[in-house]
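Asks: Got a predicted structure plus its sequence, pasted below:
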Amino acid sequence: MKNRILLLLAITMSAIGLVAMSGQTQRPTTPTKKEDATPQQEITERQRQHSKLYDKSIRSRKKLSDSPGDLQLNITAPWVEAVNDSPSTSTEEFLRTATCEAQAIVIGRVKNKTSMLTEDGRFVFTDYELQVEETLRDNRDAPIQPESVLIISRPGGAVELDGKTFRVTDDSFEPMEANGRYLLLLRFIPTTGAYQAINSHGSFELKDNKVHRLTTQPLPYLFSYEENAAAFVAQVHSAANKCRGAKVGGAN
């Protein structure tokens, strides 16, 4: 009888242990951290010019500030797109074309960012301060100085106004993170001296020798550099060198 009691006790304790272990594996994961919202400030002249880049917003849409509370707006289809965003059959073909179209190609780190409502109040964009580490293709109309800081304008961001937060995400142009390291193929914005991506496929995060495309837009070919950032940078170098002296794409 005593042995049966001990056996039942052992089985009960094992069952309790399994339940506890099961409970641990089912704990909810920590939610992904959202972008910090920028308090809305008076728009500057540079930001006013950049606001015009995002005038494709639907005119029937109400101003974001008309929302009674916080608002999350997600753009799943390309919103801001370059004319030359044509499909390629390989990464190498894309780079051969894109590096010649780009007016500047740089590697750098994001030092700061500021999100703003567009002047019509219907969209949000972000201006990033990128400190240049390396210039793979220089802008011959406005040469980039070593260690200079470029302003990169991209759609999307988070703004705080009147106690409400408005978040806009564009799946074609994922946000850049503070202190993140990026390789960017850029178009010059002559009215402000800033830059924007040549298209939705022209921005890459470089981290731990891996490459992350800053877009969810699908490719018609296999991107084969996710696990080898060094090889990707070398490929961009090679493509950019072949473009020296070639006519670059037009500015906005």
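Replies: That came through, no problem.
Asks: So which bits of stretch 159-173 are buried?
Replies: 159-161, 164-173 (16 or more other Cβ atoms under 10 Å). C-betas here are computed from N, CA, C, even on glycine.
Asks: Please apply the same query to stretch 111-130.
Replies: The neighbour-count check on stretch 111-130 (16+ other Cβ under 10 Å) flags 113-119, 121-130 as buried.
Asks: And the buried residues of stretch 159-173, which is closest to residue 105?
Replies: residue 173 (17.3 Å; Cβ to Cβ).
Asks: contacting residues around the closest one?
Replies: 79, 80, 154, 155, 156, 197, 200, 203, 214, 215 (Cβ atoms under 8 Å, 6 or more residues apart in numbering).
Asks: Okay, and which of the buried residues of stretch 111-130 map to strands?
Replies: Of the buried residues of stretch 111-130, the ones assigned to strands by DSSP state E are 113, 114, 115, 116, 117, 124, 125, 126, 127, 128, 129, 130.
Asks: Identify the bridge partners of the second one.
Replies: The residues paired with residue 114 through beta bridges, assigned by DSSP bridges, are residue 127.
Asks: gap between it and residue 165?
Replies: 15 Å (Cβ to Cβ, to the nearest Å).
Asks: Residue 131 too?
Replies: Applying Cβ to Cβ to residue 131 and residue 165 gives a distance of 28 Å.
Asks: coming back round to it: now the contacts of residue 173 in TSV, with distance to residue 106?
Replies: Below are the contacts of residue 173 laid out as TSV (distance: Cβ to Cβ, whole Å):
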residue	distance to residue 106
79	24
80	20
154	14
155	20
156	21
197	12
200	18
203	11
214	14
215	18
